[in-house]
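Student: Pasting the sequence and the predicted coordinates here, then a few questions.
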Amino acid sequence: MTSGRPLRALLPGKDALPGLGAAAAVVALAFAVAALLPAVPAMTLCVVAGAVLGNSPWTGPRPGRRGGASLSPGMDYAGTLLMRAGIVLLGLQLVLADVAALGAAGIAAVLGVVVVAFAGTWAIGKALRLPGDQPTLLAAGFSICGASAIGAVSQARGTARDASVPLALVTLCGTLSIAALPLLNTVLGLDTATFGHWVGASVHDVGQVVATADIADAATQASPAQAAVGTTALAAAVVVKLLRVLALAPVATLGAWSARRTAPGRGGTLPPLVPAFVVGFALMVAVRATGLVPAAVLDAARPVQEVLLGAALVGLGYAIDVRALLGSAGRATAAALIAWVLVALAGLGAAALISNGSFMV
């Protein structure tokens, strides 16, 4: 009879249904808005809407409140188990052949951005005395894939309690990139491919990468003579971004290993050395690389993965305490903005290398 317990533990209880229903409604609304306004990423809307629900006097968590109407159990379930499931399916979206097409120098340049972004953001967070695990989680979000990386690394390290401020900041700065990078390019004058590489190397969330690159492609195709260029910026941005996403598995594993070393020796709960969802993510990358997965399966898996991650980000956003965020707004916001500039500059250097020196920094 004990063999059924692990499976039952993965299923939501009745008390989680109100929160999961609210998360599903938010995801549906977010994707509907994003379809009407492509410049607004659905995942960003999920985080923001989750934060609104979490800080509302009607839907937010209330200490001591009991009853099935609470959204907290469902939001907690979405932010943990649905996040892990979404990360696993994200592995199916990574095409190793496209990443390999960047060449050895291009791959090295992008991985260099990941290292510089992580180390630099972590050091900035430490220098500005961000509490708890916030420097590490902020570094994961800025260097890999935004809110999804924060959720994955916080679970791998067992520090989800520290994720709300980094989540809010990475969402803020990633959204800032959507407007700022195309504006900066009016001065820099990068061609669409180089701009796409810059976007992929420096913007945090995958949805924000797509929104930022779409702006460049819309401008490129503004005239019939330029329409043949196609979605150059978007294609370039997505390939570079996928390489950054591949760093999620080793970073989460190293994060879990580091947490084990610093966890209490006796009586403390140690995170697994290699989290199961990270193993699942790596397996899905390998499965996609075999070329044996039918295109119909890949096409069906993508919206499922997006819905799961969207619901997970609603759950993570629900945990954002706006009052606590405002209490540390000065130092935390300063750390995020400095890191944002650092990552943008590192990404610009990588874009120059990938584009074979067509734009010299």
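Tutor: It's in.
Student: use CA for all of it now, contacts and neighbours both
Tutor: Fine.
Student: measure Asn185 to Pro41 for me?
Tutor: 21 Å (Cα to Cα, to the nearest Å).
Student: Who has more neighbours out of these two?
Tutor: With neighbours defined as other Cα atoms under 10 Å, Asn185 and Pro41 compare such that Pro41 has more, 24 against 14.
Student: give me the number of residues near the residue nearest to the more buried one when sequence neighbours are not counted?
Tutor: By the measure of Cα to Cα, 6 or more residues apart in numbering, the closest residue to Pro41 outside its immediate chain neighbours is Gly207, 5.2 Å from it. Gly207 has 22 neighbours, counted by other Cα under 10 Å.
Student: Count the residues that sit near Val307.
Tutor: 20.
Student: what about it, which helix or strand?
Tutor: Taking DSSP states H and E as the criterion, Val307 maps to helix 295-318.
Student: pLDDT on the very next helix or strand once past that helix, on average?
Tutor: Sequence-wise, the next helix or strand downstream of helix 295-318 (DSSP H and E) is helix 322-327. Helix 322-327 shows a mean pLDDT of 74.
Student: Could you give the separation of helix 322-327 from the chain centroid?
Tutor: 22 Å (Cα atoms, centre = their mean, to the nearest Å).
Student: What of stretch 181-193?
Tutor: Using Cα atoms, centre = their mean, the offset of stretch 181-193 from its chain centre is 24 Å.
Student: Pull out the buried residues from that stretch.
Tutor: By neighbour count on 16 or more other Cα atoms under 10 Å, the buried set for stretch 181-193 is 181-182, 190-193.
Student: cool, stretch 135-153 as well?
Tutor: 135-153.
Student: sorry, back to before: just checking, the residue nearest to Pro41 touches Ala39?
Tutor: No: Gly207 lies out of contact with Ala39 (Cα atoms under 8 Å); the separation is 9.4 Å.
Student: And what about Pro272, helix, strand or coil?
Tutor: Assigned state for Pro272: coil (three-state reduction, DSSP: H, G, I helix; E, B strand; the rest coil).
Student: contacting residues for it?
Tutor: By Cα atoms under 8 Å, 6 or more residues apart in numbering, the contact list for Pro272 reads 156, 256-257, 260.
Student: Format those as CSV; extra columns: neighbour count, distance to Leu96 and pLDDT.
Tutor: Converted to CSV, these look like this (neighbours: other Cα atoms under 10 Å; distance: Cα to Cα, whole Å; pLDDT from 0 to 100):
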residue, neighbour count, distance to Leu96, pLDDT
Ala156, 27, 24, 89
Ala256, 23, 25, 88
Trp257, 20, 26, 88
Arg260, 19, 31, 77
